[in-house]
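> Sequence plus predicted model, see below.
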Amino acid sequence: MSGHSKFANIKHKKEKNDAAKGKVFTVIGRELAVAVKEGGPDPANNSKLRDVIAKAKANNMPNDTIDRGIKKAAGDASSVNYEYVSYEGYGPSGIAIIVDALTDNKNRTAANVRSAFTKGKGNIGTQGCVSYMFDKKGQIIIDKEECEMDADDLMMTALDAGAEDFSEEEDSFEVITDPDAFSEVRQSLEDAGIPMASAEVTMIPQNWVELTDEEAVKNLQRTLDLLDEDDDVQAVYHNWDE
């Protein structure tokens, strides 16, 4: 895992998102609505909702916005009709891409995702065509500048909480968990007062691919930018070593 926490990239994304909080808040708002519908509005009894709230706070979503979203979803649960859909495909030079979306119109989302791949000279594949190249894991990133705990103590805290792996990068620590243990580990770190720059269940590539062709980089970036701009798209995973 070492060297691939992509923390610098996370920071870059956050800075970029600061100029487009509407997109981030739309994404998290939909996740809040689905979490409330599935498990109720009380985070104490809904671990999925707790995880989404933690994600919202990591993205600087104001508490009153979070509370409003939960109350709206709780009072209007019957109208929440978002469903999860996932797409897999290839970008230039065979870069593997997985797109997770949360949508109220699958036809619209499928057309938009297909268009993003096509415009970047890539193509959508069948379900499972690239996901075997990734491992589904819980991933928690801790900014060294924000964390006062000693690295060894932090590692023991994470492992005692049930983490699978712990690694130290140049500017961050990375905690890896089994997806089913993610909520429990994240909650334990939060209870210990450890600040998290990012905490989510993600798809981690088993191998990373470098692109040396400038045209391929340009096309791949176009696909990723188009997907990033789509409100239906919740997350994009790829094995490009940027």
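Nice, I can see it. Numbers count the residues shown, from 1 in each chain.
> Could you tell me how far the longest strand anywhere in the chain lies from the centre of the chain?
With DSSP state E setting the assignment, residue counts place strand 134-143 as the longest strand in the chain. Its chain's C-alpha centre and that of strand 134-143 lie 9 Å apart, by Cα atoms, centre = their mean, to the nearest Å.
> Show me the domain layout of the protein.
According to automatic domain parsing, the chain comprises the domains 7-79, 83-132+207-238, 133-205.
> that older thread, pLDDT averaged over the longest strand of the chain, what's the number?
Mean pLDDT, strand 134-143: 94.
> try stretch 29-44
Per-residue pLDDT over stretch 29-44 has a mean of 92.
> just to revisit the earlier point, contacts for the longest strand of the chain, please.
Outside strand 134-143, the residues within contact range by Cβ atoms under 8 Å, 6 or more residues apart in numbering are 5, 7, 10, 96, 98, 154, 158, 163-164, 171-179, 181-182, 185-186, 189, 194-206, 237, 239. All C-beta spots, glycine's among them, are computed from the backbone N, C-alpha and C.
> try stretch 174-185
Here stretch 174-185 makes contact (Cβ under 8 Å, 6+ apart) with 1, 5, 7, 47-48, 50-51, 136-142, 158, 161-168, 186, 189, 199, 201, 204.
> Which residues belonging to it are considered buried?
Using 16 or more other Cβ atoms under 10 Å as the test for burial, stretch 174-185 gives E174, V175, I176, T177, A181, F182, S183, E184, V185.
> for stretch 26-40, same thing?
In stretch 26-40, counting by 16+ other Cβ under 10 Å, buried: V27, I28, G29, R30, E31, L32, A33, V34, A35, V36, K37, G40.
> now do stretch 116-134
A116, F117, G120, K121, G122, I124, G125, V130, S131, M133, F134.
> could those residues be laid out in JSON lines, adding distance to T109 and secondary structure?
Converted to JSON lines, these look like this (distance: Cβ to Cβ, whole Å; DSSP: H, G, I helix; E, B strand; the rest coil):
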{"residue": "A116", "distance to T109": "11", "secondary structure": "helix"}
{"residue": "F117", "distance to T109": "13", "secondary structure": "helix"}
{"residue": "G120", "distance to T109": "17", "secondary structure": "coil"}
{"residue": "K121", "distance to T109": "21", "secondary structure": "coil"}
{"residue": "G122", "distance to T109": "17", "secondary structure": "coil"}
{"residue": "I124", "distance to T109": "12", "secondary structure": "strand"}
{"residue": "G125", "distance to T109": "16", "secondary structure": "coil"}
{"residue": "V130", "distance to T109": "18", "secondary structure": "coil"}
{"residue": "S131", "distance to T109": "18", "secondary structure": "helix"}
{"residue": "M133", "distance to T109": "23", "secondary structure": "helix"}
{"residue": "F134", "distance to T109": "21", "secondary structure": "strand"}
